[in-house]
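Trainee: Could you look at this predicted model? Sequence included:
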Amino acid sequence: MKLHKALTLFLVLAAGATLAAAEPAIVYDMGGKFDKSFNEAAYRGAEMWKKESGKPYLDFEIANEAQREQAMRRMAGRGANPVIGIGFSQGSSLEKVAKEFPRLNFAIVDSVVKLPNVESIVFKEHEGSFLVGMMAALASKSGKVGFVGGMDIPLIRKFQCGYEQGAKYANPKVEVSSVMTGTTPAAWSDPARGSELAKAQFAKGVDVVFAAAGGTGSGVYQAAKDAGKLAIGVDSNQNHMQPGTMLTSMVKRVDVAVYNAAKKPTPGVTALGLKEGGVDYALDEHNAKLVSADMKAKVDAAKADIIAGKIKVVDYMADNACKL
């Protein structure tokens, strides 16, 4: 049923849009357009472009692995420009289709495809994760903090490693418990499993947990609320999902990346960190009471030192290891 609906949506969108050279297409990753996290941030970026330009765009939510390449090829065949793939899993499909359509522009978020017509947008997630790791350790009363990842891939280990570094920078004696949800794309959309993993960490004394797990995170946040613990969101500002429970969110500006790529794709690698405003921690009315002035001052000082190069945050993906 989901597959049928997704294909129908694609056909309706494809038939209804008259594409000119400057009208983009977005292919979302597993988990759905409205996952309240990674894909939804991409959607917001596309909507920003649409509102500013007054032009339509195509988008497609994949229901299985095989649809990635199929959707990209259909969009490119209709002249969509650029075609933007959301998520590292789109890499091989986008590379194949970009070679077939050398005159069109392509962009991919969270992966690097070395072709002259592709913009590869990557983020320094370890820098933003360092800041929320600090916040977790500073807010923890037990001295034990947790991490729940989605699919066990180097990118999510990058979040984990940055988080652990930040926690230990704030409190060298802190204990960090980490777990991954699974090894397939289904790990991004399993709130029930996320809830189980969070509860297991709470049972060990963890009182703040960071979820870098897409839609699975909603289960982690609900479990934290039910247990009277704190949680940290990811990608989008998720503070509003459980006000009073969400200590903060590690914001990854996928929306800005998609907006910029839709507006003017720039072939090559674009890396966005704290300095570029690509990652940060979120502070708003939903978590203001949880973040003390002292905590904010310490985290902002570390942020400035990372930007200045005084604090070097280890990037797990540099050599597939968290060398602290």
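Mentor: Cool, got the structure.
Trainee: Met317 and Leu155 touch, don't they?
Mentor: Yes: between Met317 and Leu155 a contact is recorded at 6.9 Å, counting by Cβ atoms under 8 Å. C-beta coordinates here come from the backbone N, C-alpha and C atoms, glycine included.
Trainee: Looking at those two, which has the bigger crowd around it?
Mentor: In this view Met317 and Leu155 are compared by other Cβ atoms under 10 Å, and Leu155 has more residues nearby, 19 against 15.
Trainee: how close does that one sit to Pro191?
Mentor: Distance, Leu155 to Pro191, by Cβ to Cβ, to the nearest Å: 21 Å.
Trainee: which residues in the chain form helices?
Mentor: Assigned helices in the chain, in chain order: 2-16, 38-53, 67-77, 91-100, 125-139, 154-170, 191-203, 217-227, 254-263, 293-308, 316-319 (criterion: DSSP state H).
Trainee: what's the most buried one of these?
Mentor: helix 125-139 (a mean of 28; mean count of other Cβ atoms under 10 Å).
Trainee: picking up where we left off before, nearest to Ser177, of the helices of the chain?
Mentor: Smallest distance to Ser177 across the helices of the chain (Cβ to Cβ): 5.2 Å, for helix 191-203.
Trainee: quick one: the closest one to chain centroid distance?
Mentor: 20 Å (Cα atoms, centre = their mean, to the nearest Å).
Trainee: which other residues reach it?
Mentor: Applying Cβ atoms under 8 Å, 6 or more residues apart in numbering, the external contacts of helix 191-203 come out as 146, 148, 177, 179, 181-182, 187, 209, 211, 213, 215-220, 222-224, 227, 229, 231.
Trainee: Please repeat the previous calculation with a cut-off of 10 Å.
Mentor: 142, 144-150, 177-182, 186-187, 190, 206-209, 211, 213-224, 226-229, 231 (Cβ atoms under 10 Å, 6 or more residues apart in numbering).
Trainee: Report the inter-axis angle for it versus helix 217-227.
Mentor: Direction vectors for helix 191-203 and helix 217-227, defined by axes from the mean of the first three to the mean of the last three Cα atoms, to 10 degrees, enclose an angle of 40 degrees.
Trainee: ok, Asn171 - how many residues close by?
Mentor: Other residues close to Asn171 by other Cβ under 10 Å number 17.
Trainee: who touches it in this structure?
Mentor: By Cβ under 10 Å, 6+ apart, the residues touching Asn171 are 133-134, 136-138, 140, 143, 145.
Trainee: can we see that at 6 Å?
Mentor: Ala137 (Cβ atoms under 6 Å, 6 or more residues apart in numbering).
Trainee: roughly how far apart are it and Ser142?
Mentor: Counting by Cβ to Cβ, the gap from Asn171 to Ser142 is 11 Å.
Trainee: One more: Val148?
Mentor: 17 Å.
Trainee: who's more crowded, these two?
Mentor: Looking at Val148 and Ser142 with other Cβ under 10 Å, you find the greater number of neighbours at Val148, namely 31 against 14.
Trainee: Leaving out sequence neighbours, find the closest residue to the more buried one.
Mentor: Spatial nearest neighbour of Val148, chain neighbours left out: Ala211 (4.6 Å); criterion: Cβ to Cβ, 6 or more residues apart in numbering.
Trainee: what about that neighbour, how many residues close to it?
Mentor: 31.
Trainee: gap between it and Met48?
Mentor: In terms of Cβ to Cβ, Ala211 sits 26 Å off from Met48.
Trainee: do Phe147 as well
Mentor: Phe147 is 31 Å from Met48, by Cβ to Cβ.
Trainee: I'm done for today, thanks for sticking with me.
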